[in-house]
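**Student:** no sequence on this one, just coordinates:
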């Protein structure tokens, strides 16, 4: 019998038993890790500006067509169903928007974008195009995320009015070497561009500057033109459970403090304070972020010989108790003190469990099912995180945020940092 395609896969969707044709933009680094989670599908096109960085992936998929410019790949590869964007942050938005405009489903690494304006534009475009999307914060598939939502929803610790969230990055348990350098000046020397790297394409829309190994590979995360430090990296992971469980919208205000502020690179360590309005029956809440090895004050409920996880964690402060989450991305929630957790009878599990972070997106591409970190969630989360980055750059100024109009009423001159002028040849 002949069954129409739309019966098998849903109108406009790929049949569930058909493999997706995937293109990967940024095939080395994080892209290689994403491919590991997607290799059950057809990897038909690979794009990377650094042949050396992507060499392992090219070798693994010798039949995939290779590109340096994702714009060329998207124009030529008409048969692609979906695209993975795993470039440095500053090219996330232009690559993702181009894929959406070509009608492709998109998986984009975190943070979704480098600027607030980009985050708003990408979320809007994805919703209008009705494509399946997922941002690469894998912790949203963790069991711990479901438990946090179920516990808070059942009122286990009462209304939450304050949350503390941290990551030690760019340090690693406070030790050298750093994950990437921060709090540095732009190098003055101009070494030659390696033969394996297309520097012009690597820069993409970012302002032109001479090549230097201080930026690539991976060291870009500590430079404002390319990334946003520990907050842009692990903030997306560790703040996501908070935004999801507390149903947070845009912040009302943001302010920050840090070690000395540099013009072009992220400070060594910072704290950021977000104020959120009430949501229905949920009260206003303050969310505090700490990075670079800084930690919140120890909760009184924590046992004397029990340290806070120095790398990543969350503390939900409710009217009737506290939840401590150890590890990244909402991984291991427990009531404190431990005696209370041991005596605790968890509420019934009411939320569907994840089939896997990458698997969610594959299924969404084929069946139109939801993903936990779709751009409708990822866009507003990224906006808030990037407002925190903006507050850090401004060295302590309190920013009042008009989310509807993308304005900062009390400091309008700061609005120029919500976006920047792309280099010629690049557009959103």
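**Tutor:** Sure thing, it's come through. Remember, it's a predicted structure, so these values are computed and weren't measured experimentally.

**Student:** top helix in the chain by residue count?
**Tutor:** helix 375-393 (DSSP state H).

**Student:** name the helices or strands packed onto that one?
**Tutor:** With contacts defined as 3 or more Cβ pairs under 8 Å, 6 or more residues apart in numbering; DSSP states H and E, helix 375-393 has these neighbours: strand 105-109, helix 116-129, strand 133-136, helix 236-246, strand 253-258, strand 270-276, strand 399-400. Using the backbone N, CA and C atoms, a C-beta is placed for each residue, glycine as well.

**Student:** those helices in this structure, which residues are they?
**Tutor:** Per DSSP H, the chain carries helices over the ranges 5-9, 30-38, 55-60, 70-76, 92-101, 116-129, 143-153, 199-203, 229-230, 236-246, 338-342, 357-367, 375-393.

**Student:** ok, and which of those has the densest surroundings?
**Tutor:** helix 229-230 (a mean of 30; mean count of other Cβ atoms under 10 Å).

**Student:** same question for that helix, mean pLDDT?
**Tutor:** Mean pLDDT, helix 229-230: 96.

**Student:** give me the low-pLDDT residue ranges for the stretch 151-300 of the chain?
**Tutor:** Applying pLDDT under 70 to the stretch 151-300 of the chain flags residues 174, 176.

**Student:** do that again at 80, thanks
**Tutor:** 173-177 (pLDDT under 80).

**Student:** Which parts of it are strands?
**Tutor:** Here the stretch 151-300 of the chain has its strands, by DSSP state E, counting those that start in this stretch, at 160-167, 253-258, 270-276, 285-290.

**Student:** Of those, which is nearest residue 330?
**Tutor:** strand 160-167 (10.1 Å; Cβ to Cβ).

**Student:** Between helix 143-153 and the closest one, find me the angle.
**Tutor:** In terms of direction (axes from the mean of the first three to the mean of the last three Cα atoms, to 10 degrees), strand 160-167 departs from helix 143-153 by 160 degrees.

**Student:** Quick one: work out the angle between strand 160-167 and helix 236-246.
**Tutor:** Orientation check (the same axes, to 10 degrees): strand 160-167 against helix 236-246 gives 170 degrees.

**Student:** from the middle of its chain, how far away would strand 160-167 be?
**Tutor:** How far strand 160-167 lies from its chain's middle: 18 Å, per Cα atoms, centre = their mean, to the nearest Å.

**Student:** try stretch 208-215
**Tutor:** 24 Å.

**Student:** Residues contacting that stretch, please?
**Tutor:** 181, 184, 186-187, 189-193, 197, 199, 203, 219, 223, 225-226, 423 (Cβ atoms under 8 Å, 6 or more residues apart in numbering).

**Student:** Let's see the distance spanning that stretch from one end to the other.
**Tutor:** With Cα to Cα, to the nearest Å as the measure, stretch 208-215 spans 13 Å from end to end.

**Student:** returning to what we had before: buried among the contacts of stretch 208-215? Need that as a selection in ChimeraX.
**Tutor:** Here is the ChimeraX selection string for the buried members of the contacts of stretch 208-215, based on 16 or more other Cβ atoms under 10 Å:
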select :181,197,199,203,219,223,225,226
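
**Student:** on that earlier part again, need the strands of the stretch 151-300 of the chain in a markdown table (columns: distance to residue 362 and mean neighbour count).
**Tutor:** Below are those laid out as a markdown table (distance: least, Cβ to Cβ, whole Å; neighbours: other Cβ atoms under 10 Å):
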| stretch | distance to residue 362 | mean neighbour count |
| --- | --- | --- |
| strand 160-167 | 29 | 22 |
| strand 253-258 | 36 | 21 |
| strand 270-276 | 33 | 22 |
| strand 285-290 | 32 | 21 |
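
**Student:** Minimum distance to residue 352: which of those has it?
**Tutor:** Residue 352 lies closest to strand 160-167 among the strands of the stretch 151-300 of the chain, at 23.0 Å (Cβ to Cβ).

**Student:** which helices and strands sit right next to that closest one?
**Tutor:** Against strand 160-167 (3+ Cβ pairs under 8 Å, 6+ apart) you get helix 236-246, strand 285-290, strand 312-318.

**Student:** how big is the angle separating the second one from helix 236-246?
**Tutor:** Meaning strand 285-290. Interaxial angle of strand 285-290 relative to helix 236-246 (the same axes, to 10 degrees): 170 degrees.

**Student:** Given strand 285-290, what are its sheet partners and their directions?
**Tutor:** Using DSSP bridges, the strands paired with strand 285-290 are strand 160-167 (parallel), strand 270-276 (antiparallel).

**Student:** want to throw those into CSV with distance to residue 79?
**Tutor:** Shown next, in CSV, are the strands paired with strand 285-290 (distance: least, Cβ to Cβ, whole Å):
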stretch, distance to residue 79
strand 160-167, 40
strand 270-276, 43
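
**Student:** Of all those strands, which one comes closest to residue 117?
**Tutor:** Closest approach to residue 117 among the strands paired with strand 285-290 is made by strand 270-276 (19.2 Å; Cβ to Cβ).

**Student:** can you list contacts of that closest one?
**Tutor:** For strand 270-276, the surrounding residues in contact (Cβ under 8 Å, 6+ apart) are 229-231, 246, 248-249, 251-259, 284-292, 294, 384, 387-388, 391-392.

**Student:** can we see that at 6 Å?
**Tutor:** Residues outside strand 270-276 that contact it (Cβ atoms under 6 Å, 6 or more residues apart in numbering): 248, 251-258, 285-291, 388, 391-392.

**Student:** Equivalent analysis for stretch 112-121, please.
**Tutor:** Applying Cβ under 6 Å, 6+ apart, the set of residues contacting stretch 112-121 from outside is 89-90, 92-93, 122, 135, 378-379, 382-383, 386, 418-419, 428.

**Student:** Flag whichever of these scores worst on pLDDT.
**Tutor:** Minimum pLDDT for the contacts of stretch 112-121 is recorded at residue 428 (94).

**Student:** got the domain boundaries for the protein?
**Tutor:** Taking automatic domain parsing as the criterion, the chain consists of the domains 5-139+360-371, 141-178+227-352+382-418.

**Student:** can you list those domains in TSV and add distance to residue 212?
**Tutor:** Below are the domains of the chain laid out as TSV (distance: least, Cβ to Cβ, whole Å):
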stretch	distance to residue 212
domain 5-139+360-371	14
domain 141-178+227-352+382-418	12
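
**Student:** Quick check: which of the helices and strands packed on helix 375-393 is nearest to residue 344?
**Tutor:** Smallest distance to residue 344 across the helices and strands packed on helix 375-393 (Cβ to Cβ): 17.2 Å, for helix 236-246.

**Student:** Quick check: pLDDT value at residue 140.
**Tutor:** On pLDDT, residue 140 comes in at 97.

**Student:** surely it meets residue 370?
**Tutor:** No - here residue 140 does not reach residue 370: they are 11.6 Å apart, not a contact under Cβ atoms under 6 Å.
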